[in-house]
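1. compute the structure for the input listed below.
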Amino acid sequence: MSDLSSTPEGDLSPSPEGDQSPTPEQDSSAAPAAPAIQLLPDVEPEKIPIRIHDMTIAYHRKPVLWDVDLDVPEGKLVGIVGPNGAGKSTMILAIMNLVPKASGWARIYGKPYEEMRRIVGYVPQRESVDWDFPISAHEVVTMGRYGHVGWFRRPSRQDKQIATEALAKVGMAEYADRQISQLSGGQQQRVFLARALAQDAQVYLMDEPFAGVDAATEAAIIDILMELRAQGKTILVVHHDLQTVTRYFDWVIMLNMRVVASGPTEEVFNETTLNKTYGGRLTVLSQAAQAVQDYERGRG
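-> Numbers count the residues shown, from 1 in each chain. Down below sits the predicted model:
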């Protein structure tokens, strides 16, 4: 069970992703010989929103992520894509130091997450939250202010007003006093997005924010994410729908237990990297190839 604070709690070790993942020896497609990973060697570490170096993570001695080196540039809307069990959610948790690492590290603007949590907004998977927890939508969003006021101080009138404005931003103002358990899946997702907005973060980590929501909610969420990007924020999103990758993201990370490729979407999201990432799964590849073709036609 995850509580409704800014980070999840509980035993994270028996990860479903870890249980599903093949080992490096079993899945050669997850470990391409020459991944096209664009790092930022000329940028000072304290100016890089997310940097991961030599990171390997294993659950019960079974690798989930290995040898990950990754830089995420500032002011980008970044998608993490890959098959089930690729380690996408684990990467988000690893950035927040919520899973043990066999090696390596992750940094937020050159510092560990613990020193930078105030500027990091997190939207968890819906499945990781106890929706029966007796709390209102407004109270959930107000929790996004705790990094500013501290856990042992009552939120001020200004903090509550910021929470109210965040709910209005996501179209949930009229549900402010509604118990979170009484909301639909899409409404719950909007509330958690509002909590992240109330935090006024510089870096946002979002684990499948579009999962299980209707088309209207998805459109509302992506509009907000693009607005955050326009403000210079950095948003890292675990994403499954390959058909929308080229429309939603300007930077993409192709992941299958290790980083297959990372860089601008128009350079990285192509049939070659898709084949390496998904191992030739024809249904997925044909769907993605059509998305790539549509994107290229749109650019022309």
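2. CA atoms for contacts and neighbours, from now on please.
-> OK.
3. before we move on, which element is His53 in?
-> strand 50-59 (DSSP states H and E).
4. for that strand, the averaged confidence score.
-> Throughout strand 50-59, pLDDT has a mean value of 95.
5. list the buried residues for that strand?
-> By 16 or more other Cα atoms under 10 Å, the buried positions in strand 50-59 come out as Ile50, Arg51, Ile52, Met55, Thr56, Ile57, Ala58, Tyr59.
6. pull the residues that contact it.
-> 13-15, 18-19, 45, 63-73, 95, 99-110 (Cα atoms under 8 Å, 6 or more residues apart in numbering).
7. what about it, distance to the chain center?
-> Strand 50-59 sits 15 Å away from the centroid of its parent chain (Cα atoms, centre = their mean, to the nearest Å).
8. so what strands line up beside that strand?
-> Applying DSSP bridges, strand 50-59 is found paired with strand 62-72 (antiparallel), strand 103-107 (antiparallel).
9. pick the most buried one from those strands.
-> Per residue and on average, the most neighbours among the strands paired with strand 50-59 fall to strand 62-72, with a mean of 22 (mean count of other Cα atoms under 10 Å).
10. what's the first helix or strand after it?
-> Past strand 62-72, the next helix or strand by DSSP H and E is strand 77-81.
11. describe which strands that next one pairs with in its sheet and in which direction.
-> strand 234-238 (parallel), strand 251-255 (parallel).
12. want to throw these into a markdown table with mean pLDDT and mean neighbour count?
-> Shown next, in a markdown table, are the strands paired with strand 77-81 (pLDDT from 0 to 100; neighbours: other Cα atoms under 10 Å):
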| stretch | mean pLDDT | mean neighbour count |
| --- | --- | --- |
| strand 234-238 | 98 | 25 |
| strand 251-255 | 98 | 27 |
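13. mind putting the ones you listed into CSV with distance to Asp177?
-> Below are the strands paired with strand 77-81 laid out as CSV (distance: least, Cα to Cα, whole Å):
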stretch, distance to Asp177
strand 234-238, 29
strand 251-255, 37
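14. residues contacting Gln202?
-> Applying Cα under 8 Å, 6+ apart, we find Gln202 in contact with Ile119, Val120, Gly121, Gly232, Lys233, Thr234.
15. out of those residues, which are inside helices?
-> Among the contacts of Gln202, no member is found in helices (DSSP state H).
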